[in-house]
Structures are given as structure tokens and as C-alpha cells.
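Visitor: I need the structure of the sequence given here:
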Amino acid sequence: MVKKVFAIDTQPGVQRDGTIFDVNFYTAGLWVRFQRGRPRKVGGYRAITQTATGYSRGIFVNSADGVNKVFNGFSSGLEVIDVDNLGIGGGVNQFTFTGLILTLNTLVGGTVYTNGTYTNVTLTGGSGSGAKATIVVAGATVTTVTLTAAGNGYAVGNTLSATAATIGGTGSGFSINVATINDGFTENDLNLWQFDSTFDAQGSGNQLLLAHPGQNLAQIDQTTVTPVLAGNINGTTLSPLRDTSGTTPTGDIIEVAGGVVVLHPYVFVYGDNGLIKNCVAGDPFDWNGPDSNETNVSSTKIVKGLSVRGGSNAPSGLFWALDSLIRVSYTPTTITVASVPQTFFWRYDIITSQSSILSSQCVIEYDGIYYWVGVDRFLLYNGVVKELTNIFNQNYFFDNLNYAQSQKVWAQKVPRFGEIWWFFPSGDSEECNDAIIYNIRENCWYDAGGALGARRTAGYFSQVFHYPINAGATLSEQTLLFSASIATTNASTSVTIAPNNQVSNGQLVISTSINSGAIVSVITPTLASTTATGSSAAFTIVVNSATGILRNQAVTGTGIGVGAVVTVIAGTTITLSVANSGAVSGALSFAGLTLTLSTTATATIIETATFNSQADKVILWQHEIGTDEVINTVSNAIESSFQTSDLGWVQGGPSQASPVGDNYWLHLERIEPDFVQSGEMTFQVTGRAFAQSEDVTSSPYAFDPDTGKIDLREQRREIRLIFTSNVARGDYQLGRVLLHANVGDVRP
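Guide: Below you'll find the model as predicted:
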């Protein structure tokens, strides 16, 4: 007869620190979170694209007009993926880096120009603006062009010229090409991106994307300066941010070692030796106006800046140095010195000089409070800097962290569940493979348990796009997907193939007559209908019109042999791959696909090509959607589990706070599940005779949403339960599970 019925009353959170026997919280968890004090499965994730370039070293999302632009920074560039509010959208578009002209070449002098030397001539054409030169005309033709102003936004190969009015009033035909530029970007494995956006109120009127690829991935205190890049947020071009506006522009490139942040309407940059620098209000190209400033407020590098609610001192921001936290506030103050009034616009307050920061990516704001990881503890700022108490997994984090890769630690938040996630590389992993989680609402900590969903290198929290976006940590390998016959046309990016349900955007196409690196970017069904005549057993037919017919299209109709494909088009005579099965007379259909590739063909030919997955790509995931891992139409179950605290009599039993001294085994006879549940789940009984003995774990007991009870006969002196969900579309939220228990053996 059952002695007692207990409810599991383990406290919320997964405690990894300390011993299992000394824990009143859950003792293990895999892809599990806590809500209302109970465990529930973390949400699923779906692939937005499989062809993001990895590893991702920074993600930024900007939303407008129902389009969410996902910017992905990586070691050798920047790309953007446009998706709708469901995460469905177009392909991956690479950014082009333009910049200042360094040298010119390929001069075409033109004719009938007026001889002379012309200074400060504005050069026209090209993708940029602002370039000027001294131009010499001799013998009615331009003979020399000496660059005097480098401009910005130019690309190699741009063709420039000048209006006749600026070089004497007559003549035409002058041009010169851009040979080299300084685009401000250097491909480097150490590139770690920081992003923000601002409105250019004084210039273009565009919303600008600001991006800083600092070479900080290996060392947080790296001193190498790199330019801040800027461009229209709706475009795919970035150029170095320069001081080119205002009354006294220097033309200098704005470059720092730390990063960039916008305290609207000011752009701030920061870096070595406590450098904090800002532009004029609303003009990111003016760094010399009255309310701009440059100062050094610390002896160590500034590595991160975030805006903060400033009240009457808005705008305000927080800046993290390696050993300090600094608050910057807009507080215009006029002081008269020697009868000359001087206005100081900014105040710099050292909040603390006894702090630390583990990674420039580990800071996150949640409802006006700022959380980050120090080099040996967790910290927060809510008006003062204080330690964020963590008795659950502080040792678990710092003892397992791969300190050589600590700059890869990054923060994410999931406001839907009140969580802050810190992704980190554990053990000898060089990329993030786990995460610890602080739940603000539940005031507890837990971790991802090394789940596959925690293997993410960068991400951005949900805002208008209401799913967190995270980049995967597994680089793809080039693998053969299938082979198919294709028809190419010399110097064209279009190829045709027969109907094929295996082809998709992003595949790498390799064949003899296509330039290397050809990627499928557009797939267009093609269909032509016409009437034709032909003889039985013949390989040719004559169509009344060949318009719209392409080589390699499939041909169907009365009298056409099975599997016929167009091989040759000569006027209105079509050669087929198989003989006609009967006399051909009447309407035929020609079906196939036209593929647009990223490179051109080098010949007009029909040949066999291989279609391959691309190497060195990562999946860009939207998280907290559904319950499974979804890639295209394939769904994979996500395993989730949790393990209770010790429930044995010697520990006090399931409903007592401390040991009662009864030296009995707990004999478990029945469990009454209480879950909000989808799909089958299992539970196992585990435990041991003594705190330092090995666990003995039972076989799994399965139950589904309709299971009322599970009868069993398991006993342990120190006993715990493990619940697991690992089926497609599986989900659960724990309720109040009842245990039917009796006294087992008196002695261990």
C-alpha cells in the first residue's frame, strides 16, 4: 500500500555548481527554460537561409515597410538578407566597399579643348562624389590629371570626366579611369562587427547604416584602428565615414579600434586610451562643429557603447572601458574665461573604475538595466554598478569557458520569456557551443545544456521582427547534390535545363563552359507552345515558330517519344534527343527551367554540369518558432529534458525542506503525469545509494498526453527523475506531477 503521494516541488533553475545532493533546484537540463516556476521546452528554430557567409561576427536588423533587413558581418565582408515578418524573403546580397580615390589611369585626352592649367576641377561620373583635380590641356587635348581631392564612394574602374565649362569652355571626349581606391575595409579573420544606424538630417536625408569591422576577435584590447563605414541602409554599398561637412572639414577618415554607437542625433565612436568622440547633431559627416567633441576619459580602451535614458540630460550613453564604466550626458554649460564665453556640451562621469568586461559583445540592455559578464563575475548597472548574484552556474561558466576565445562570448535576450542568454565557447571549442541563461522574471539561472540550438556565433534580439535571429556555428562543405545536362550561351548568365525539382537558389554550378564560382540566383520556369510536324522514328520536327524554345527543354505532345529533350535549334527545325514515337502533327509543349547564374558562360554548348552545395556557408536561423529544427521542408525533432533535485526520504522527501533523518530508500510505485504536452515523452528514474556513488538509471518509461498514470517499481536511497521529449513536434510544460511512494529498504 502506498504510504504517501507527493508532488514534485523542485525549485526553478538548473544548478550546476555544488553537489547534486546539496541542490533544491533542477540538477540538469537540455534546451529547457522556466516559466511560472515550472520547466518547459525552449522553442524551435527555422532556417531563413543556408547560404549566409560564415562565421558570422555580427548581426544587425533594421525593419521598414514590412521588410526586415538582416545584416551579417563576416571576416571578408558584409551581406544583407531581406525577409518579411514571417522570415521569408529573398537571397543573400553582398555589399560593395567603395571609397577614396588613390590613383587614376587610362587617360583619354579628348579633342578641341582650350589649352591651359585648370585647378580645383570637379570630376564627374563614377559611383562617388567630391573628387577634384588639376587638369592640364595642351594641344587641345587633356594631357595630365593630378588628383587634389579624393572624394568618396568611388569604385575601381569608374570612368570620370569633367564638364567642358570647367576646363576652358570647349571640347569633348576626355575621360580617365579610377585605378585604386581606399575603401576602408580589409578582409581579416579578426574582424568583429559593430552596427548602428542614424539619420543624415543635414546631408543626403538617408537613414545610414554604420558598420565598424574592428580587428578585435582575438584580443579585446587590440589597438589596431579601422575605419567606420557608412552607407544608405537600403543599399548595398559602404564607404569610409569622413569629416567632410561643416565649416572646417578636415577630410579625415573616422577610424577607431573600439566601435560605433548612435546616441540620437549624435554618432559616437570610441577606442584606445579611453577615446570617446562624437559628431555634430544630425550630421555624421561633421566632426568639428561646436557640439562635437573628442576626449580621453580612461587609461584603457573603450570597447562598447550603448545609449541610455538620459531624462533632462538626453542624449546619454554608457561606455565600457576594460576597467571602467563611463556615463556621457548632454549637458550644455557656458563658462566665461577671460571675458570669452565657452560652451561645453558633454559631461563625462566615471561610474566606477573598479570593473571589468569579458567581451565587447557580452553587454545587453533589458528594460533600462544593463547586464554584462566581467572577467570573473556577472554585473549589472541600474544607476549603480553591482554584482549579479549567480549561485547556479557561475563556476560552470568560468571553469568551462575557453578563455582564449572569450571575445566570442555574446549576449542575446528573449523578452517573451524574460531571459538573457550568454553564448560561449566551452572546453576546447573555438566557437560558441553552449549558453547560460538568466531569467529576470523567475530570478533564476539555467543553461542550454550544450544543445545544438546553442551553437550560434552571433545574433539579434526580437523587435519588429518578432523572432530572435541567430547565425549557426557549423560551416558547410561543398558536396555534390546532383548532375544535369545544361545548355549555355557564350557570355550569358542564363543557362537552361530540363524540369528539375532538385535545383534551388544558392547552389554552386560547375561545368567546363561556365566561369568558376557560378551560383544559381534566379530560377524561372519556361514554357513555349507551338504546332509542329514530323515523321515517325525521326529525330527532327519542324515547328511553325521557334520563339521561346530553348535547348534542353522537355518536349511533350502527340507523336513525341518519351523523355524527348531539345538538343539543336536550327531555324524552325528542332532536333530531339529521342526519336518520335509516331507521326507528329499538332500542338506541342516545350517545358524547362532557365537559371540565372552569378557568372557568365564561356561557350555556347550543351554539356553536363554538377550542382553542389556551397562551402563555408552557415545557416541563419529564426528562433522561438514552432517546436522543431526546420530546414526547407525537413523537420527534425529537438531533444529537451530536465532532471529534478533529489527526492529521497534521506533528503527530506519530495515535499520537505530538509532531511528528517529517516534512513530509508524511497520506493516509487506510480507517477501521475501533469503536462501541457504534444507528442510522446519519457521519464527515467535515476539515483544512488550514497552521494558519491555512481547513478543507476532505469530504462525509459513512455507516456503520451492521454496517459493517466504509469505504474513502476523503482527504488533509490537518493532518487531523481529525468523527463525527456525527443519526437517531431514534441513540446511540454510541466504541471504538478504526483508521485506515489512507499518506504523501501531500511538500510542501503
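
Visitor: what's the spacing between stretch 144-153 and its chain's center?
Guide: 37 Å (C-alpha atoms, centre = their mean, to the nearest Å).

Visitor: And for stretch 266-282?
Guide: 26 Å.

Visitor: And the next helix or strand past the lowest-mean-pLDDT helix or strand in the chain?
Guide: Ranking every helix and strand in the chain by mean pLDDT, DSSP states H and E puts strand 89-94 at the bottom, with a mean of 83. Downstream of strand 89-94, the next assigned helix or strand under DSSP states H and E is strand 96-97.

Visitor: which other residues reach that next one?
Guide: With contact meaning C-beta atoms under 8 Å, 6 or more residues apart in numbering, strand 96-97 is reached by 77, 155, 183, 184, 185, 229, 236, 237, 238, 239. Where C-beta positions appear, they are placed from N, C-alpha and C, glycine not excepted.

Visitor: From the chain's centroid, how far away is that strand?
Guide: That offset, for strand 96-97, works out to 19 Å (C-alpha atoms, centre = their mean).

Visitor: Parallel or antiparallel, which strands does it pair with?
Guide: strand 237-240 (parallel) (DSSP bridges).

Visitor: can I get the CA coordinates of the partner strand in CSV?
Guide: Output of strand 237-240 as CSV, limited to C-alpha atoms (Å, rounded to 0.1, in the frame of the first residue of the first chain):
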residue,chain,number,x,y,z
THR,A,237,27.4,50.0,-50.7
LEU,A,238,29.5,51.2,-47.8
SER,A,239,32.3,53.8,-47.8
PRO,A,240,34.6,55.2,-45.1
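
Visitor: next helix or strand past it?
Guide: Heading C-terminal from strand 237-240 (DSSP H and E), you reach strand 255-256.

Visitor: Show me what that following strand is packed against.
Guide: On a contact count with 3 or more C-beta pairs under 8 Å, 6 or more residues apart in numbering; DSSP states H and E, strand 255-256 meets strand 226-227, strand 266-271.

Visitor: and for whichever helix or strand comes after that strand, what are the contacting residues?
Guide: Later in the chain than strand 255-256, the nearest helix or strand by DSSP H and E is strand 259-263. Contact with strand 259-263 is made by 194-198, 210-212, 214, 228, 267-271, 278, 303-307, 315-317, 328, 330, 360, as judged by C-beta under 8 Å, 6+ apart.

Visitor: any idea how far strand 259-263 is from the chain center?
Guide: Relative to its chain's centre, strand 259-263 lies at 19 Å (C-alpha atoms, centre = their mean).

Visitor: send the alpha carbons of it over as CSV?
Guide: Output in CSV follows, covering the C-alpha atoms of strand 259-263 (Å, rounded to 0.1, in the frame of the first residue of the first chain):
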residue,chain,number,x,y,z
GLY,A,259,33.4,50.6,-32.3
VAL,A,260,30.4,52.9,-33.0
VAL,A,261,27.1,53.7,-31.3
VAL,A,262,24.4,56.3,-32.0
LEU,A,263,23.0,58.5,-29.2
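
Visitor: quick one: contacts for residue 104?
Guide: For residue 104, the contact set (C-beta under 8 Å, 6+ apart) comprises 133, 145, 147, 160, 176, 177, 178, 179.

Visitor: quick one: the residue nearest to the fourth one when sequence neighbours are not counted and residue 142, what's the gap?
Guide: Put plainly, it is residue 160. Take residue 160 and drop its neighbours on the chain: the residue closest to it by C-beta to C-beta, 6 or more residues apart in numbering is residue 123, 4.4 Å away. Distance, residue 123 to residue 142, by C-beta to C-beta, to the nearest Å: 12 Å.

Visitor: again with residue 263
Guide: Distance of residue 263 to residue 142, given as C-beta to C-beta: 47 Å.

Visitor: Pipe the contacts of residue 104 into TSV and attach secondary structure per row.
Guide: As requested, the contacts of residue 104 are exported to TSV (DSSP: H, G, I helix; E, B strand; the rest coil):
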residue	secondary structure
133	strand
145	strand
147	strand
160	strand
176	strand
177	strand
178	strand
179	strand
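
Visitor: which one of those has the most neighbours?
Guide: Most neighbours among the contacts of residue 104, by other C-beta atoms under 10 Å: residue 178, with 27 neighbours.

Visitor: Hmm, that residue is touching residue 156, no?
Guide: Yes - Residue 178 is within contact range of residue 156, at 5.7 Å (criterion: C-beta atoms under 8 Å).

Visitor: Identify the residues contacting residue 449.
Guide: Counted by C-beta under 8 Å, 6+ apart, residue 449 has contacts 14, 28, 29, 30, 31, 32, 434, 641.

Visitor: I'd like these as a markdown table, with secondary structure, pLDDT and distance to residue 599 appended.
Guide: Putting these into a markdown table (DSSP: H, G, I helix; E, B strand; the rest coil; pLDDT from 0 to 100; distance: C-beta to C-beta, whole Å) gives the following:
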| residue | secondary structure | pLDDT | distance to residue 599 |
| --- | --- | --- | --- |
| 14 | strand | 98 | 51 |
| 28 | strand | 98 | 51 |
| 29 | strand | 98 | 48 |
| 30 | strand | 98 | 45 |
| 31 | coil | 98 | 42 |
| 32 | strand | 98 | 47 |
| 434 | strand | 98 | 40 |
| 641 | strand | 98 | 48 |
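
Visitor: Assumed residue 474 was part of a helix.
Guide: No - under three-state DSSP, residue 474 sits outside any helix and is assigned coil.

Visitor: Quick check on it: phi, psi?
Guide: The phi and psi values for residue 474, taken as degrees, to the nearest 10, are phi -120, psi 120.

Visitor: quick one, helices of the stretch 1-150 of the chain?
Guide: With DSSP state H, counting those that start in this stretch as the criterion, the stretch 1-150 of the chain has no helices.

Visitor: Kindly report the same for the chain.
Guide: 394-400 (DSSP state H).

Visitor: for it, what's the longest strand?
Guide: strand 518-534 (DSSP state E).

Visitor: pLDDT (mean, whole number) over that one?
Guide: Here strand 518-534 scores 91 as its mean pLDDT.

Visitor: Output the contacting helices and strands for that strand.
Guide: Strand 518-534 is packed against strand 508-510, strand 540-543, strand 584-597, with contacts defined by 3+ C-beta pairs under 8 Å, 6+ apart.

Visitor: roughly how far out does the second one sit from the chain middle?
Guide: What that stands for is strand 540-543. For strand 540-543, the distance to the chain centre is 53 Å (C-alpha atoms, centre = their mean).

Visitor: How about the shortest one?
Guide: Strand 508-510 has its average C-alpha position 25 Å from the chain's average C-alpha position, going by C-alpha atoms, centre = their mean.

Visitor: contacts for that strand?
Guide: Contact partners of strand 508-510, identified using C-beta under 8 Å, 6+ apart, comprise 478, 486, 495, 516-520, 595, 597, 609-614.

Visitor: ok, of the contacts of residue 104, which one's closest to residue 590?
Guide: Nearest to residue 590 among those: residue 177, at 44.6 Å, using C-beta to C-beta.

Visitor: Export the contacts of strand 96-97 as TSV, with columns for pLDDT, distance to residue 403 and neighbour count.
Guide: Below are those laid out as TSV (pLDDT from 0 to 100; distance: C-beta to C-beta, whole Å; neighbours: other C-beta atoms under 10 Å):
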residue	pLDDT	distance to residue 403	neighbour count
77	97	29	17
155	97	42	18
183	97	34	23
184	96	32	25
185	97	29	23
229	98	30	29
236	96	37	13
237	97	38	18
238	98	33	28
239	98	37	27
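
Visitor: mind listing what the closest residue to residue 615 other than its chain neighbours touches?
Guide: Among residues not flanking residue 615 along the chain, residue 478 sits closest, at 4.0 Å (C-beta to C-beta, 6+ apart). Contacts of residue 478 were listed using C-beta under 8 Å, 6+ apart, and they are 508, 612, 613, 614, 615.

Visitor: just for the stretch 201-350 of the chain, where's the confidence low?
Guide: For the stretch 201-350 of the chain, applying pLDDT under 70 flags no range at all.

Visitor: quick one: the strands in it?
Guide: 207-214, 226-227, 229-232, 237-240, 255-256, 259-263, 266-271, 275-278, 293-296, 302-308, 316-321, 325-337, 340-352 (DSSP state E, counting those that start in this stretch).
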